[in-house]
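K.L.:
how would this look folded up:
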Amino acid sequence: MNIQFSGSLDEKQLRRAIGKQLNALIILGILFVTIALLTFVISISSAKNPTEIFNQPTFFILGFLGILFMVLPWISARRQFRTSKILGSPTTGSASEQALSISSKLGSAEIPWDSFYRSIVSKDIVMLYQSAYVFQVIPKEFFQAETDWTEFQNCVRSKVKPRKNRLMFALVICIILVAIVLIILRFIPNA
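P.N.:
All right, here's what the predicted structure looks like:
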């Protein structure tokens, strides 16, 4: 097996990758905004005077944090792409039974499969983690044939452990936050 690929990573592809990497953060952001809207509605319904809702900044803080969590992956991708000379440079590579080989104008490396920490394999992108925060992004667009892409995905799945799903962690955090907000709202004195 020797699967060839080549291409230049663009900012859109990097955003897709980071979105997959930080999907739990995006979900957390959506839930924060939802909680913010709920606290806003509860505040309006329990306020005797409409200006009283501005004395309870809970929904503003939660809403701001939620929006920040949702846009952070895209801000991060933009900053990474604009500050890195490596990310946008033309890259060629191949995957064999033993290793992933990658070359660009800045250098080349042959990385044995067992050197990768984790992987994310999706329908349009593969991320190979060398450590918790260092990863290679290889999008589907780098492959000339659909069969090469499918073979590469299967190779990565068989050689590198998948990254743990952090969705459950995000949901547990959200449930805790909802409970905290409800407790806080329960003890807000009704003047």
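
K.L.:
Return the set of buried residues in the helix ranked longest in the chain.
P.N.:
Assignment by DSSP state H gives helix 58-83 as the longest helix of the chain. Buried residues in helix 58-83, defined by neighbour count with 16 or more other C-beta atoms under 10 Å: 58-59, 62-63, 65-66, 69-70, 73-74, 76-77, 81. From N, CA and C alone the C-beta is placed, and that goes for glycine too.

K.L.:
who's in contact with the residue nearest the centre of the chain?
P.N.:
Nearest residue to the geometric centre of the chain (C-alpha atoms, centre = their mean): Leu22, 2.0 Å. Shown in contact with Leu22 (C-beta atoms under 8 Å, 6 or more residues apart in numbering): 72-73, 76.

K.L.:
Quickly name whichever of those is closest to Ser119.
P.N.:
Ser119 lies nearest to Pro73 out of these, by C-beta to C-beta, at 18.5 Å.

K.L.:
On the pLDDT front, check that closest one for me.
P.N.:
You'll see Pro73 listed with a pLDDT of 79.

K.L.:
That one reaches Ile18, doesn't it?
P.N.:
Yes - here Pro73 reaches Ile18: they are 4.6 Å apart, a contact under C-beta atoms under 8 Å.

K.L.:
Show me the shaky parts of the protein.
P.N.:
Low-confidence segments of the chain, defined by pLDDT under 70, span residues 24, 46-47, 49-56, 164-171, 185-191.

K.L.:
redo that, cut-off 50
P.N.:
191 (pLDDT under 50).

K.L.:
Please, where are all the helices along this protein?
P.N.:
Under DSSP H, the chain gives helices at 11-21, 23-46, 58-83, 146-159, 167-186.

K.L.:
Give me whichever of these is most buried.
P.N.:
A comparison of the helices of the chain by mean neighbour count, using mean count of other C-beta atoms under 10 Å, puts helix 11-21 on top with a mean of 19.

K.L.:
And that one, what does it pack against?
P.N.:
Judged by 3 or more C-beta pairs under 8 Å, 6 or more residues apart in numbering; DSSP states H and E, the packing partners of helix 11-21 are helix 58-83, strand 118-121, strand 125-129, strand 135-139.

K.L.:
Is it possible to get CSV of the ones you listed that adds distance to Glu97?
P.N.:
Below are the helices and strands packed on helix 11-21 laid out as CSV (distance: least, C-beta to C-beta, whole Å):
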stretch, distance to Glu97
helix 58-83, 31
strand 118-121, 16
strand 125-129, 16
strand 135-139, 17
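
K.L.:
Of these, which is nearest Ser43?
P.N.:
Closest approach to Ser43 among the helices and strands packed on helix 11-21 is made by helix 58-83 (6.5 Å; C-beta to C-beta).
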